[in-house]
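# coordinates for the following, if possible.
(chains A, B, C and D)
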Protein chains: 2
Amino acid sequence: MARWQPDAPGRLAAAALDLFEERGYENTTVIDIAERAGLTKSTFFRHFPDKREVLFGGGTVAGLLVEGIASAPSAAGPLDAVADALDALGRTFFTADRREFSGRRQAVLNAHTELREREALKRIDLTASMIEALHRRGVPDLTARVAARLGALVWEIAYDRWIDADNSEGFGPLARQALAEVRAAGAVR
Amino acid sequence: MARWQPDAPGRLAAAALDLFEERGYENTTVIDIAERAGLTKSTFFRHFPDKREVLFGGGTVAGLLVEGIASAPSAAGPLDAVADALDALGRTFFTADRREFSGRRQAVLNAHTELREREALKRIDLTASMIEALHRRGVPDLTARVAARLGALVWEIAYDRWIDADNSEGFGPLARQALAEVRAAGAVR
DNA sequence: GCAGTGATGGGACTTGGTCTCATCGACCGT
DNA sequence: ACGGTCGATGAGACCAAGTCCCATCACTGC
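Alright, predicted model coming up:
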């Protein structure tokens, strides 16, 4: 007989998302979350550094993206390397079974400034990771910075569309499509 | 005889910057800041919604930028409109006498995650404002989003160089220069 | 004078977040 | 079977951020 129920972080994250949807982020205390998960405040902060972080699991995405950029064919240009990485992300992380959860989560994030703020920071750090990964491919600095930002834009567009129900396409193809559009728009500048 | 010393927000901001430099952001209490400014915690929160915001005055920059984009010659392309706006910003806001302060402030921001987070949010909101301003010029959505992000990159590069002492150039010319470089890098993609 | 205004002070109160110590089943070696 | 360590949890004190409400008191206009 296990002494504790398994996966405390997962239970906390699920409880948090539920409560944030029900009563909003600022009307939910950490104690509320912990109690719904059958735990205590102490345990919450043992698994998450702060209240916001409960909606930003692991950070595995950054690792996958960097890995994807690194393993793109060496002939690929910077933006194509990013596109390959987004494609890989679609296969390993933004899978169909995660779509509903992602949508709920995103709706909560969008509704609360404090959470948007954390998301903004994550995006910046992630862009920095992309730039580094491009540097390791030998891409010169400025080109890398441009490519990373355009890549982030492509990601954003594709992610929005992916979450938006009523379309059954996978994340990868949506990213390819978004990239083409961004390229077309960029050419006009 | 005035009952209170003038410019409470300014005194609070100055005190905060001093203290953050001296002991770091997290080792500085709001009460510390207020006391150094000859005020109290109550008054601090009457002028700033939270501790971080004391380093992000007014938000006049967003307004100036939007205004600059709007008043660019109608023949100008989106990126050129942004460049014009940055130029105007250099004349009205990022003036030489503000450079030292900006450098100190930025060093503090870079050193503390909590402040970087707030800065990240401001940047996103500002990018959104730029996109809106471009829309009002009739720029199609995707083009606007690309231009706004590249504009933000140009800003970032120019701002870093401007703060970096040992160069006496104004913000405007630095922005023009950065824009040219970004354009060159973007063409290669 | 006298009432209203507006920036400030004071202090109670909630919540996020840190820290330290206690608990107690599982596991391991003997 | 026994005893000791380990690891995830609980309990609660404590500090700082942020909210709220009420008091103060020079200045202003009537």
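# buried sites along the helix or strand of chain A with the lowest mean pLDDT?
Sorting the helices and strands of chain A by mean pLDDT, DSSP states H and E puts helix A:171-188 at the bottom, at a mean of 93. Buried residues in helix A:171-188, counted by 16 or more other C-beta atoms under 10 Å in any protein chain shown: A:171-172, A:174-176, A:178-179, A:181-182, A:185-186. All C-beta atoms are positioned from the backbone trio N, CA, C, and that covers glycine.
# low pLDDT regions in chain A?
A:1, A:188-189 (pLDDT under 70).
# can you list the residues of it near DNA strand C?
A:1-3, A:28-31, A:41-42, A:45, A:49-52 (C-beta under 7 Å from any atom of the strand).
# list the contacts of the closest residue to A:Leu126 other than its chain neighbours.
Computed as C-beta to C-beta, 6 or more residues apart in numbering or on different chains, the closest residue to A:Leu126 that is not its neighbour in sequence is A:Ala62, at 5.3 Å. Contacts for A:Ala62 were tallied using C-beta atoms under 8 Å, 6 or more residues apart in numbering or on different chains; they are A:125-126, A:129.
# in which helix or strand would I find A:Ala62?
helix A:60-70 (DSSP states H and E).
# now that helix - C-alpha only, CSV.
Presented in CSV, the C-alpha positions along helix A:60-70 are these (Å, rounded to 0.1, in the frame of the first residue of the first chain):
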residue,chain,number,x,y,z
THR,A,60,10.5,20.4,-21.4
VAL,A,61,9.3,22.4,-24.4
ALA,A,62,12.4,24.5,-24.4
GLY,A,63,14.6,21.4,-24.4
LEU,A,64,12.7,19.8,-27.2
LEU,A,65,12.9,22.9,-29.3
VAL,A,66,16.6,23.3,-28.8
GLU,A,67,17.1,19.7,-29.6
GLY,A,68,15.0,20.0,-32.7
ILE,A,69,17.0,22.9,-34.0
ALA,A,70,20.3,21.1,-33.3
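# I figured A:Lys41 was touching A:Val30, is that so?
Yes - between A:Lys41 and A:Val30 there is a contact under C-beta atoms under 8 Å: 5.5 Å.
# what about those two, which has more around it?
A:Val30 (17 against 14; other C-beta atoms under 10 Å in any protein chain shown).
# so who does that one touch?
A:41, A:44-45, A:51.
# quick check: it vs chain B, distance?
Remark: distance between A:Val30 and chain B (C-beta to the nearest C-beta, to the nearest Å) = 18 Å.
# backbone dihedrals for that residue, please?
Note on A:Val30: backbone dihedrals following degrees, to the nearest 10 are phi -60, psi -40.
# same thing with A:Glu156?
Per degrees, to the nearest 10, the backbone of A:Glu156 is at phi -60, psi -50.
# that one and chain B, how far apart?
Taken as C-beta to the nearest C-beta, the span from A:Glu156 to chain B is 9 Å.
# next one: A:Asp97
Distance, A:Asp97 to chain B, using C-beta to the nearest C-beta: 29 Å.
# surely A:Val54 and A:Phe48 touch.
Yes - using C-beta under 8 Å, A:Val54 is in contact with A:Phe48, at 4.9 Å.
# what does chain A put close to chain B?
For chain A, the residues in contact with chain B (C-beta under 8 Å from any C-beta of the partner chain) are A:77-79, A:113, A:116-118, A:120-121, A:123-124, A:140, A:142-143, A:145-147, A:149-150, A:152-153, A:181-182, A:184-186, A:188-189.
# picking up where we left off before, out of the contacts of A:Ala62, which are buried?
Applying 16+ other C-beta under 10 Å to the contacts of A:Ala62 flags A:126, A:129 as buried.
# can you tell me how far A:Gly138 is from B:Phe20?
39 Å (C-beta to C-beta, to the nearest Å).
# those two: who's more crowded?
Applying other C-beta under 10 Å to A:Gly138 and B:Phe20 shows that B:Phe20 carries more neighbours, namely 24 against 9.
# name the nearest residue to that one, ignoring sequence neighbours.
Spatial nearest neighbour of B:Phe20, excluding adjacent residues (C-beta to C-beta, 6+ apart): B:Val108 at 4.7 Å.
# repeat that for A:Ala185.
Using C-beta to C-beta, 6+ apart, the closest residue to A:Ala185 is B:Leu142 (3.9 Å).
# check which helix or strand covers the one you found.
Assigned by DSSP H and E, B:Leu142 belongs to helix B:141-163.
# just the angle for that helix relative to helix A:141-163, thanks.
Interaxial angle, helix B:141-163 versus helix A:141-163 (axes from the mean of the first three to the mean of the last three C-alpha atoms, to 10 degrees): 140 degrees.
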